[in-house]
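S.K.: Show me how the following folds:
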Amino acid sequence: MTCDTTATRAVLDLVTGAWRTQAVHTAVRLRLPDLIADGHRDSAALAVVTGVAEDRVRRLLRLLVALGVFDPEGEGADRVHRPTRVSELLRDRPGSLRDMCLLYGEEFYQAWGQAESAVTTGTSGFEQTYGRPLDEHLAAHPEVADRFQRVMRSGRLVFDSVPTALHLTGVRTVVDLGGGSGQLLATVLAAAPDARGVLVDLPHTMPLARAYLAERVGLDRVDLLGQDMLTGPVPPGADVYLLSRVLAGHDTEACVRLLRRVRAVMTPRSRVVVLDRVATDDPADVLTPLWDLHLLVVNGGRERTDADCRALFDRSGLAVERVVELPLGHKGQLLTPVGKEPAGSAAER
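M.R.: Predicted structure coming up:
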């Protein structure tokens, strides 16, 4: 059999992906991106400040350079390391992706160890690993819950584009169901200064949401409801109901029940805004199927196709009024309540 070097290299890249994840995770745990940015740029200096043997630091740095995390300068014992745009995103400071690296290198990495079982049995790898579903684990571990919510805030690029995709003129009330730390709600309220918001999510998310919303828009403009959005009452009569990356985390029947409950309290002027990735069979799109399988492994969820979404909305008494493309493979879908004739024109809404 002739050796296909291209295919062999492709297989090696695939099967060593976990090693790359853990190398970057180790670097973040050791705070190498921060230390190198602060001037500790050779392996000897980094060994002193981290307490790790210089030889092992040097070997880790060699891989991180090959992965593009740091830029090298010099050779051998004289080699030093410079920050890159990648390493800047891994520093311990607001707006970075450090928390994502920690979460994906620890809790989610362990859950992916049960990927085969999750695919074959339908039980999430997270539950098999930790003995309870993700939400219950977060409720029991506040430090992990805070990290999870900070990771969810890394969707800023998506959220920042939402206000321009919505007609916010005349909006007075916005309800964010499953709103997490409040980043999307704060973004929308900043673009609609006359509006008030309601954030609904599980009780363990409330401290972080309260602090974030107090800083960004002020608590005089927001009500916080610490409850399960799937079972608790839905605030009635809002102009806009936000569901961001919520439906993907639940099975179809749970989504239909939630959407029907929202539909029941909507007015003719109300709109539902659903933000999620939409699954396709495009082989050039690797990120969406990765997220889809990640949802299966972590909480039994899924990314849905356009047809799946429309079937879900039809069953819930909602119709798609408009679909907008958003960054990172997301779509924003604006839904209207079927059978409730809107008052006024679209421009007035």
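
S.K.: okay, now Asp201: neighbour count?
M.R.: 24 (other Cβ atoms under 10 Å). No exception for glycine: its C-beta is placed from N, CA and C like everyone else's.

S.K.: same thing with the one 10 residues further on?
M.R.: The number of residues packed near Ala211 is 13, by other Cβ under 10 Å.

S.K.: now swap in Val274 and tell me
M.R.: Neighbour count for Val274, taken as other Cβ under 10 Å: 25.

S.K.: What's opposite the closest residue to it other than its chain neighbours in the beta bridge?
M.R.: Distance criterion Cβ to Cβ, 6 or more residues apart in numbering; nearest residue to Val274, sequence neighbours excluded, is Gln333 at 4.5 Å. Note on Gln333: beta-bridge partners Val274, Val323, judged by DSSP bridges.

S.K.: Correct me if wrong: Gln333 contacts Asp308.
M.R.: No - using Cβ atoms under 8 Å, Gln333 makes no contact with Asp308, being 11.9 Å away.

S.K.: before we move on, what SS does the closest residue to Glu325 other than its chain neighbours have?
M.R.: Leaving aside its sequence neighbours, Glu325 sits nearest to Lys331 (Cβ to Cβ, 6+ apart; 6.2 Å). Following DSSP: H, G, I helix; E, B strand; the rest coil, Lys331 is assigned to strand.

S.K.: what about this structure, any weak spots by pLDDT?
M.R.: The model of the chain has pLDDT under 70 over residues 1, 154-157, 341-349.

S.K.: who's more crowded, Gln333 and Asp308?
M.R.: It is Gln333, of Gln333 and Asp308, that has more neighbours when counted by other Cβ under 10 Å, with 22 against 15.

S.K.: List the contacts of the more buried one.
M.R.: Residues near Gln333 by Cβ atoms under 8 Å, 6 or more residues apart in numbering: 273-276, 309, 313, 320, 322-323.

S.K.: doesn't Val174 make contact with Val200?
M.R.: No - Val200 is beyond contact range of Val174, at 11.4 Å (criterion: Cβ under 8 Å).

S.K.: So these two - more neighbours on which side?
M.R.: Taking other Cβ under 10 Å, Val200 and Val174 do not tie; Val174 has more neighbours (26 against 23).

S.K.: a strand runs through that one, doesn't it?
M.R.: Yes - checked against three-state DSSP, Val174 lies within a strand.

S.K.: Who is it paired with across the strands?
M.R.: Those that pair with Val174 in a beta bridge, by DSSP bridges, are Gly197, Val240.

S.K.: Hmm, it is touching Ala192, no?
M.R.: Yes - between Val174 and Ala192 there is a contact under Cβ under 8 Å: 7.2 Å.

S.K.: what is in contact with those two at once?
M.R.: When Cβ under 8 Å, 6+ apart defines a contact, no residue borders Val174 and Ala192 alike.
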